Structures are given as structure tokens and as C-alpha cells.
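Trainee: just to be clear, the model below is a prediction. Sequence and coordinates:
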Amino acid sequence: MPSDDYKQYVAMDRLPSIWCPGCGNGVALKALALAFAELEMPPDKTLLANGIGCSGRVGDYVRCHRFHGTHGRTLAFVTGIKLVRPEIKAVCLLGDGDCSAIGMSHFVHSARRNVDIVTIVINNYNYGMTGGQFSPLSPYNVITSTSRSGKAEPDIDICKLADLAGANYVFRTTIYHVVEMKNYIKEALGKKGFSLVEIVSPCPTYYARYNKIGNIIKQLEWLKDKFIPIEEYNQMKDAEKENFFWRGRLTNRDLPDLYQHTRRSRG
Amino acid sequence: MKKANVAINKDLCKKCAICVHFCPKEVFTIDQDGYPLISRLDKCTGCRLCFLRCPDFALEVETELDD
Amino acid sequence: MTIKKLLTGNDACTYAAINAGARFFAGYPITPATEIVELCSELMPVYNGNFIQMEDEIASIAAVIGASLGGAKAFTATSGPGLALMSENIGFAAMAEVPCVIINVQRYGPSTGIATKFSQSDVMAVRWGSPGDHSLIVLAPSSVQDSYDLTVEAFNLSERFRTPVILLSDAALAHVREKVEIREPGELNLYQREKPSGPVNGYLPYGTLHNNVPVMSNFGDEHILRVTGLVHQESGYSSDNSQIAEELVQRLARKIDNYQEELPAPFFYGRQAADLIVVSFGISARASLEAVNTVNSEGFKAGMLELRTIWPFPRKKVKELCSGAKKILVVEANHGQVREQLISCGFPPEKLRGVNKQNAEVITPSEVLLALKEENS
Ligand SMILES: Cc1ncc(C[n+]2csc(CCOP(=O)(O)OP(=O)(O)O)c2C)c(N)n1
Ligand code: SF4
Ligand code: SF4
Ligand code: SF4
């Protein structure tokens, strides 16, 4: 296996990153760079677009084309880019808040339009950049800086939502499951249409501290124990399911993407 | 026989100890400054999990040794 | 070939955009701009361009900015409530230096106001809708012909200055039908953004400046592009260095404000060195001109200044042309947003008479005439 090829996608000279020790963002960045390298993607035909947040800074450490717009709107910007430059492989890497709160409508509509974008959501269950407030994806009852006595609202499963909206590919994994993460990012990069890879990720500085999960090691162990393969999860009784989360591939299909739709309508 | 070489770049390492705790072969210990220390390289299988999990590009594993 | 056609203001803007080379439109329907959205949905595929109806105006301007960064000339059209939603991303385009054109067809506001009715009350909103110090360009047409000509100009200026350009139309102009001379692409002076030509390795997207404007590549080109709304270095990577921030923000203003002679200059009509000068813009400028012509035929000494570039406000020209006047009438269908600019130019408020209207109807020549006669007596 080539060891150094991934470095052509990483701005090594800009490291160390701004992220806290143990933060999952760097792990995801490396998995992405490795996937790029294994697919030998030309940097000038590769675009990494980010949301606003800690995860949004991933683009500060890449060597391919890089876009960093406004909070929540990345997918709408990239929809425009993809319509005029369909040959670009676009990856949108978003935080859970960016994608599911302020950016929720663009997320649903991008999946519905089946825009040819690989969307990676780094779900650290909170707003890291602004100090650990809850997001729509933070589980019910968890402690955050805006839910000191437990989050009162239910959360939402963006994987199911993307599937329902029309995405071609949906996969969920965690930062602990590094090999799987890289392999399925690679699989998503090989697809046309809208792909979602949700990566549940540790935020040691806020989420873990507020919820007394312990240090980064404990968090990764928690991810390892709690996230079980979707096939196993589906066999479980409902009461049992409450203690676990599923990971794995939810959707894999080949519906026409937005570009094909717009060209077809021209006859 | 040595299967791999592991190198840590202290300029990039943030001492999170992820590599230390999740190495299946317990190759690392922690030195007095908190950095990972490569203590049992002979046990290393070259699985590269430490490399993949390091959040800070501080750790490299070389597996194609030609000795 | 130049052809003559009977068109509405909205149609004229759309044809002008296409003839100026626009091949991407993203929008969201809103009265009184909807016809532009509809016409683009028909025309863009014919010209091998892209039309997309987005989920809201935030997404519309975002898609436009994205398309522009992909190398297309791109635009959107909206009205007050949609303009408000676009504000954050217009500021992004100013910061990241992305050419784009926004046709803002003013309607009666604030808020939903009266959707179908007229006003000229977005003068400040187009300038300061987005937070932070920045400059941008706003042009105001006064006829359907002008809607055509200034839309072409809007694309040229956005490419030349790498900045958002807003065309300030209105509900009256949008729907009035007038004869227009359509100059086709062959006869138009069209400006294309400059592209980098140097080595690919080590290319800095914000590193080479021509007249303070960076020579930037497009996404997908071999020169790697990096774009962010954060303060950024020449490389396009973010920075929180205070010196870099100051230099960047000052350049964003300088690159436009110091080149105002390239922007459409105001028209001056009537008597030079007049005692009475009317300052107006957009469709109100037509009522004003008619009134000025009438009083001049009756022996008055009145002049008339029609602003075509509204922002940056043409302070120098306005001062030059109005300094001798005893009284200046500022005719606008709002509470006095342009009049404020004349005050900031140093004209004493008592010299400035606002002729304003806020009842959702256009200002008529007789209303201006009345004001002129009162001032002359
Ligand atoms: C319009 C707007 N509202 C609010 C903010 C402030 N803000 C910056 S990042 C952020 C949340 C980031 O959370 P998430 O998307 O989960 O990313 P993370 O930082 O956890 O990676 C917010 C609310 C902003 N930049 N823009
Ligand atoms: S605050 Fe959380 S998400 Fe942000 S860098 Fe630190 S650990 Fe990562
Ligand atoms: S390569 Fe595998 S065995 Fe070797 S040190 Fe890293 S984690 Fe341990
Ligand atoms: S995982 Fe990386 S950053 Fe963390 S201790 Fe090991 S080498 Fe250092």
C-alpha cells in the first residue's frame, strides 16, 4: 500500500491544525486524503467544500480546490459549481449543526435533486466551534451548554432522511471505525448522485466533558461499543435497540442525478 | 523479526494517546513528557491502525522494510 | 445586428444578461421579479446554459456564486424580502471576490409590504444589507432601454472588479413595455474576467493583483483555487492576522472606490450652472426630466442630474455639478435615502428639498413641476 501518496492532498506545511487533541476532524481528513490517493483523484478536478465550524477548517489543510462559504449553505453553493463543472468530484464536509440545523433545507433538497456530491457529515453531537451547544442531531436528553438539564427536543436520523429524500448512497460510521470509514468514503466517491457518509465523531472538549464520558480514549471506546452493524441492529428487539446505534450502508442505488435530469429535459 | 517501522513527529503530536491505547499489540508506552514512546517495536504487525487513528498526522508506519 | 423589440423592463434585463454571456441563472419566484425567473427557465436551456429554481433566495445566490466560481457568468433576480435573505451571501461574494449580478426589482416594503406595488426604498438596503465594511456596485436604470444597457454593464463590471453588482430596478420599470434597441453580442463590448497564466505550482489565488483585483482561476482549472469568507492570505487559506485583515478589507473598498471613473456616470440635462437642480434616479428621473424640460421652456434655469451608478455614490460628480445651485430637489419614491447622501457630500440640509412619495405609486411630472415652481417663486 502506498504510504505517502495521501500527502499530495494534505497541506502538511500548515500543520499542526487548530483542533483540540483527540478531535475527530483530523482523522476524517486523513481518511479522505487516503481515499483520494487510492482513487488517484487529480487535485485540479477535486473540490473540498466545507461548512462553518471546527469541521469547516478541514479545508485549511488540503491541497485540492477548496471552498468555504457561509454557515449551512455549502450544498447550495456546490449545486451551482456542479451544474457548470460536472467533471469536478465534489466533497462537502459539514458539521452536524451546519448540515442539520441552519443547512437542513439545502441538505434535503440536494438529496432530493440527487446532486452529484459526496456529503460527509462530521457528527460530534454538538456545535464545537461556538462552545458546545446542542444540534438537531444531539441525542435526546444529553447535556450541552444550551441544555444543562438535558436536551428537551428529539433528534433526527439524517441517514434515513437522506434515503427518503432520494440520495443514491447513505452510509454511517464512526471515527473509531477508521478502516471502514476510508473504504466507504471511497465507495461513495465512486458513485454518481448524492451520497451521504455520516461519521459520528468525538468532541473531547465539549460534548464529552458535559456528558462525563471521560477522555478521548473512553469516547472512542464508547463509539466502538455502541455502534453496531446495521444487520445486527435490525435483528434486535426494540427494547434492546434503545441502547445502541446502527452503522453501515443504508442506501445504494443508481437513480439519475441532477445533471442528467437537466440534460434529459432538453430532449 | 521487525515487520514495520513506526515514527512519531513530536512537532505535530498533541499527546492524545489514541495510538497508545488502541494499538492491538501494545507497542507504545507513554514517556515522561506525555508523548507516545515506541517500546516494543518487535511486536508491531504493521497493521497501521495507529497511523489511521492519529488525528494530527504525527505518526507514520513504514511497512515495506527491505531487510 | 441591432434589432428593435417591444419589451418590459424584466424582459430587457433577461435578454441583456443572455447577450452579455450569462449562462447560469438560479432564483426563487417573487413579485415583481418573477418574469425574469420564468423567462430564464425557457431561455437558458436554449443557450446551453443552466436554469435552476432553488429552495429559497439564500440558496439561489449561493448557487449563482458557485456557478461563477466554476467560470460561468451567473445571475439571479429578486425583490425586497428575497434581497434580505441574500444579504449574507452577497457579503460573502464581496469578501471572496466572486463576480455575480443581482437584479433587484424594488417593491413596496418593508416586509411583504404590497407585493405588486412600486417603491424606490431599497437604496440603503442594497448598499448596507450585508454587514462589515465593503464596497459594491449598484446601477439604477430609468427606462427599459436603460434596463438592457445597464444589465450588460452590470456583467462587465462584475467581471472587471470581481464583485457583486446589483441592478436596482423597480415594479414600475419591470412591467412597463417600451421599444428597445437590442445590440447583440457581436456589437457589445463584453469584459471577460482575467485568468491566471503563470506556473501552476505555487499559484496564489489572491496573489496577483491587477488594479487591486486578484487574477483568480475557476474551480476545475489547473490552477488550484481556494476560496473562503474568512479573512485570507494570498494563498486563499484563512488567517486571523490583524494586518492581513486590514489590508484585505481596505483593498476590497479601494478596488472599486478608486476606479469610479469606470462606472456609468450621471447624466446631466437642462441648463448648466442652474439655480435649481433636480437630482433623481430610476423611473423617478423620467418624471423629473419632464418637469425640468417644462419649466425650462417657461424660462426657468433648471438642471437635472440622473444618477446611474448609485453605489459607490458618485460624490465627486454630484458635488461638481450641483455646487452652484441655490436649491437642490431630490426626487425619490422613499423617505429620502439619496437625500441623505447629498447631506454627507456636504450640501447643507436647508438647500436640499426632498420630493418624496411613499404611497406605492410613481412620482408624476406634475408633482415635480409643482415643487420646482414653489422653489422658483
Ligand atoms: C449565520 C451564522 N450563524 C451562526 C454562526 C456561528 N457558528 C459558527 S460555527 C457554528 C456551529 C458549528 O457547529 P457544527 O456545524 O456542528 O460544526 P463543529 O464546529 O461541531 O465542527 C455556529 C452556530 C455563523 N458562523 N453564521
Ligand atoms: S471543540 Fe470539539 S470539535 Fe472543535 S476542535 Fe475541539 S474537540 Fe474538535
Ligand atoms: S502498526 Fe499496528 S501494531 Fe504497529 S504500532 Fe501501529 S497499531 Fe500497533
Ligand atoms: S495519536 Fe498522534 S497525536 Fe495522538 S499521541 Fe499518538 S502520535 Fe501523538
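Mentor: On my side now, so go ahead. Numbers count the residues shown, from 1 in each chain, chains lettered A, B, ... in the order given. Ligands and ions are numbered 1, 2, ... in the order given.
Trainee: ok, and the closest non-adjacent residue to C:Asp221?
Mentor: Spatial nearest neighbour of C:Asp221, excluding adjacent residues (Cβ to Cβ, 6 or more residues apart in numbering or on different chains): A:Asp44 at 6.7 Å. Yep, even glycine has a C-beta here, placed from its N, CA and C like the rest.
Trainee: surely the one you found and C:Leu225 touch.
Mentor: No. The criterion here is Cβ atoms under 8 Å, and A:Asp44 misses it with C:Leu225 at 9.2 Å.
Trainee: so who does residue 61 touch?
Mentor: You didn't say which chain, so I picked chain A. A:Tyr61 makes contact with A:10-11, A:14-15, A:17, A:29, according to Cβ atoms under 8 Å, 6 or more residues apart in numbering or on different chains.
Trainee: switch to chain C, that's the one I care about
Mentor: Taking Cβ under 8 Å, 6+ apart as the test, what C:Ile61 contacts is C:26, C:76, C:86, C:89-90, C:93, C:100, C:102.
Trainee: quick one: which of those residues has the most company?
Mentor: In terms of neighbours by other Cβ atoms under 10 Å in any protein chain shown, the contacts of C:Ile61 top out with C:Cys100 at 32 neighbours.
Trainee: show the backbone phi and psi for it.
Mentor: Backbone geometry at C:Cys100, expressed as degrees, to the nearest 10, gives phi -170, psi 160.
Trainee: just to revisit the earlier point, how many residues are close by the residue nearest to C:Asp221?
Mentor: 18.
Trainee: next one: C:Phe118
Mentor: Using other Cβ under 10 Å, C:Phe118 is surrounded by 27 other residues.
Trainee: what pLDDT does it get?
Mentor: On pLDDT, C:Phe118 comes in at 97.
Trainee: do the same with B:Met1
Mentor: So, for B:Met1, pLDDT stands at 65.
Trainee: any chance of the contacts of C:Ile61 in TSV, with distance to ligand 1 and secondary structure too?
Mentor: Listed next are the contacts of C:Ile61 as TSV, based on distance: Cβ to the nearest ligand atom, whole Å; DSSP: H, G, I helix; E, B strand; the rest coil:
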residue	distance to ligand 1	secondary structure
C:Ala26	20	strand
C:Thr76	19	strand
C:Met86	13	helix
C:Asn89	10	helix
C:Ile90	14	helix
C:Ala93	15	helix
C:Cys100	19	strand
C:Ile102	19	strand
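Trainee: pLDDT added to those residues, as JSON lines?
Mentor: Listed next are the contacts of C:Ile61 as JSON lines, based on pLDDT from 0 to 100:
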{"residue": "C:Ala26", "pLDDT": "98"}
{"residue": "C:Thr76", "pLDDT": "99"}
{"residue": "C:Met86", "pLDDT": "98"}
{"residue": "C:Asn89", "pLDDT": "98"}
{"residue": "C:Ile90", "pLDDT": "98"}
{"residue": "C:Ala93", "pLDDT": "98"}
{"residue": "C:Cys100", "pLDDT": "98"}
{"residue": "C:Ile102", "pLDDT": "98"}
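Trainee: among these, which ones lie close to chain B?
Mentor: Residues of those in contact with chain B (Cβ under 8 Å from any Cβ of the partner chain): none.
Trainee: ok, those residues vs ligand 4, which is closest?
Mentor: C:Asn89 (36.9 Å; Cβ to the nearest ligand atom).
Trainee: for the closest one, which non-adjacent residue is closest in space?
Mentor: C:Ile61 (4.5 Å).
Trainee: quickly find the element holding that neighbour.
Mentor: According to DSSP states H and E, C:Ile61 maps onto helix C:57-69.
Trainee: show me what counts as buried in that helix.
Mentor: By neighbour count with 16 or more other Cβ atoms under 10 Å in any protein chain shown, helix C:57-69 contains the buried residues C:57-69.
Trainee: how much space is there between the residue in the stretch 151-300 of chain C that ligand 1 sits nearest to and A:Ile120?
Mentor: In the stretch 151-300 of chain C, the residue that lies nearest ligand 1 is C:Gly229 (9.1 Å; Cβ to the nearest ligand atom). For C:Gly229, the distance to A:Ile120 equals 20 Å [Cβ to Cβ, to the nearest Å].
Trainee: please say which of the two ends up with more neighbours.
Mentor: A direct count of neighbours by other Cβ under 10 Å for C:Gly229 and A:Ile120 places A:Ile120 higher, at 28 against 21.
Trainee: the more buried one contacts A:Asp98, correct?
Mentor: No. A:Ile120 is beyond contact range of A:Asp98, at 11.5 Å (criterion: Cβ under 8 Å).
Trainee: nearest to C:Ile166, of the contacts of C:Ile61?
Mentor: C:Ile102 (4.8 Å; Cβ to Cβ).
Trainee: residues in a beta bridge with the closest one, which ones?
Mentor: C:Thr76, C:Ile166 (DSSP bridges).
Trainee: so where's chain B uncertain?
Mentor: B:1, B:66-67 (pLDDT under 70).
Trainee: got it, and the stretch 1-150 of chain A?
Mentor: Looking at the stretch 1-150 of chain A by pLDDT under 70, you get A:1-3.
Trainee: which residues of it lie near chain C?
Mentor: A:11, A:14, A:43-45, A:47, A:57, A:59-60, A:63-70, A:73, A:76-85, A:87-88, A:105-106, A:109.
Trainee: can I have the buried ones of the residues you listed as a ChimeraX selection?
Mentor: Selection of buried members from the residues of the stretch 1-150 of chain A next to chain C for ChimeraX, criterion 16+ other Cβ under 10 Å:
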select /A:11,43,44,45,47,57,59,60,63,64,65,66,67,68,69,70,73,76,77,78,79,80,81,82,83,84,85,88,105,106,109
